[in-house]
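Asks: what follows is a predicted protein model with its sequence.
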Amino acid sequence: MKKVKRKVNRKRIAIVVLIPVICIALLIANFTSIRLSIKGYHKEDKKVVLKLEKDDIKDILDYDQIIDISKWNKVENDSHYLLYDEYYRASKKSVKKVVYYIDSYYERMEDLNYLGYTTDVLFKNSDVYTISNLDTLISASVPYKKAKKYLAIKGAQIKDIKEYVDSGFKPLKAVLTVSYPGIDSSKRDDRT
């Protein structure tokens, strides 16, 4: 009888110990899903987010806004939800235009970041930094620190950025000389 009671007690102890361990394991396994729920994500949006890479999930969890995943999934996209949302808030462009720009930008992001053209710079001036202009900046290989003072001049042309920097002129003179040579008053011009 004592052996039976000992076995029963051991089983009870094992169960009492295992239940919290299993609960903790389940919490750990579903921690990200729980955090997404607490943040306000719905079941379908959580499924989409949980399929992303760990760094992307972390960025979404750290983001101070809730991203409307379903809005972005109405068009074909490359799942850059955080960038879509940030750019959308900065530009107020249509969903389709945002997805096109971000997916195109993302293909060039490593090269642009290497040159110092961050998402903040590009998003604030996205009307200037079109996809073809991004390609021009990459091929010109002019770091943002050097290009910044020239690009700040109203009327500066991204296609001329390398010539501005190579000219050695101060920004205004470089822009006028390279992009608008007829405006320079030191040159004789017989036109009226």
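Replies: All right, it came through fine. Numbering: from 1, shown residues only.

Asks: from memory Y87 sits against I102, does it?
Replies: Yes - in this structure, Y87 is within contact of I102 by Cβ atoms under 8 Å, at 5.6 Å. Just so you know, the C-beta spots here come from the backbone N, C-alpha and C atoms, and that holds for glycine as well.

Asks: of these two, who's got more company?
Replies: I102 (25 against 22; other Cβ atoms under 10 Å).

Asks: so what's A90 up against?
Replies: Residues in contact with A90 (Cβ atoms under 8 Å, 6 or more residues apart in numbering) are F123, K124, S126.

Asks: now I66: closest residue in space that isn't a chain neighbour?
Replies: Distances taken as Cβ to Cβ, 6 or more residues apart in numbering put G40 closest to I66, at 4.8 Å, once the chain neighbours are dropped.

Asks: quick check: that neighbour vs I67, distance?
Replies: Noted for G40: a distance of 10 Å to I67, by Cβ to Cβ, to the nearest Å.

Asks: quick one, which of these two is more surrounded?
Replies: Ranked by neighbour count (other Cβ under 10 Å), G40 and I67 place I67 first, with 20 against 9.

Asks: that one touches L83, doesn't it?
Replies: No - assessed by Cβ under 8 Å, I67 is found out of contact with L83, at 10.1 Å.

Asks: now stretch 79-91: buried residues?
Replies: S79, H80, Y81, L82, L83, Y84, D85, E86, Y87, Y88, A90 (16 or more other Cβ atoms under 10 Å).

Asks: contacts only, for the second one.
Replies: Contacts here follow Cβ under 8 Å, 6+ apart; on that basis H80 touches I102, D103, Y106.

Asks: next step: these restricted to helices.
Replies: I102, D103, Y106 (DSSP state H).

Asks: surely the last one meets Y84?
Replies: No - Y106 sits out of contact with Y84 when judged by Cβ under 8 Å, with a separation of 10.2 Å.

Asks: which element, helix or strand, includes the residue most central in space within the chain?
Replies: Closest to where the C-alpha atoms of the chain average out (Cα atoms, centre = their mean) is L83, at 3.6 Å. Assessed by DSSP states H and E, L83 sits inside helix 81-91.

Asks: my understanding was that A147 contacts L137; is that so?
Replies: Yes - the criterion here is Cβ under 8 Å, and A147 meets it with L137 at 7.4 Å.

Asks: overlap in contacts, the two.
Replies: I161.

Asks: what strand or helix carries K154?
Replies: Going by DSSP H and E, K154 is not in any helix or strand.

Asks: how far away is it from V128?
Replies: From K154 to V128 the distance is 11 Å (Cβ to Cβ).

Asks: more neighbours: those two, which one.
Replies: Each of K154 and V128 has its neighbours counted (other Cβ under 10 Å); V128 has more, 11 against 6.

Asks: what ranges do the helices span in this protein?
Replies: Using DSSP H, helices in the chain cover 2-29, 31-39, 43-50, 54-62, 69-72, 81-91, 95-115, 119-124, 131-140, 144-151, 161-167, 171-179.
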